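Enquirer: give me a 3D structure for the following:
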Amino acid sequence: MSFDAGFDKRVNRIVRTHDRIRRNGVVHRVGKDGLIVTRPRIARPRFPLRGVLIVVLLGFAFKGLLWAQIGAVSYNERVAQLREGTVVEKAGAWLLQEDAVTIWIGQQARPYLRR
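Expert: Okay, here's the model as predicted:
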């Protein structure tokens, strides 16, 4: 390996490291010798778990409030009508079907709703 090849290899490694730092940010660590070492942060795909959880909870709250407002019989009749419709309506019926969480939320909310 010639001098230029070794130099080019080191320069390419430094350029790749700086590109990763620019994309992902840095992590600073103090080594055993007291020297602060800057390394690129490891890029991991981030799934918005909190956002998905909030959407699911709001969906259950909506179903429970709807169940409490219109009553169990009327709610089930409307979901049954959705089951007879298009593919999108059938998907909505599947999402809106009565379950234990919906009933519990509805029972908790019923005293606070006007009829």
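
Enquirer: okay, buried residues for the strand or helix carrying Val37 please.
Expert: Per DSSP states H and E: Val37 is located in strand 36-40. For strand 36-40, a neighbour-count test (16 or more other Cβ atoms under 10 Å) marks Pro40 as buried. Where C-beta positions appear, they are placed from N, C-alpha and C, glycine not excepted.

Enquirer: likewise for stretch 67-86?
Expert: 67-68, 75, 79, 82.

Enquirer: could you do stretch 14-25 as well?
Expert: Within stretch 14-25, the residues that count as buried by 16+ other Cβ under 10 Å are Arg20.

Enquirer: do the same with stretch 103-115
Expert: Within stretch 103-115, the residues scored as buried using 16+ other Cβ under 10 Å are 103, 105-106, 109.

Enquirer: ok so, going back, which helices and strands does the strand holding Val37 pack with?
Expert: Applying 3 or more Cβ pairs under 8 Å, 6 or more residues apart in numbering; DSSP states H and E, one finds that strand 36-40 contacts helix 3-24, strand 26-30.

Enquirer: these: which one's closest to Phe62?
Expert: In terms of Cβ to Cβ, the element of those nearest to Phe62 is helix 3-24, at 37.8 Å.

Enquirer: before we move on, the earlier item: so which of the buried residues of stretch 103-115 sit within helices?
Expert: Counted as lying in helices by DSSP state H, out of the buried residues of stretch 103-115, are 103, 105-106, 109.

Enquirer: hang on, Ile21 packs against Ala43?
Expert: No. Between Ile21 and Ala43 there is no contact under Cβ atoms under 8 Å: 10.9 Å.

Enquirer: pipe the ones in helices among the buried residues of stretch 103-115 into TSV and attach pLDDT and distance to Asn12 per row.
Expert: Shown next, in TSV, are these (pLDDT from 0 to 100; distance: Cβ to Cβ, whole Å):
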residue	pLDDT	distance to Asn12
Ile103	95	63
Ile105	95	59
Gly106	94	63
Ala109	93	63
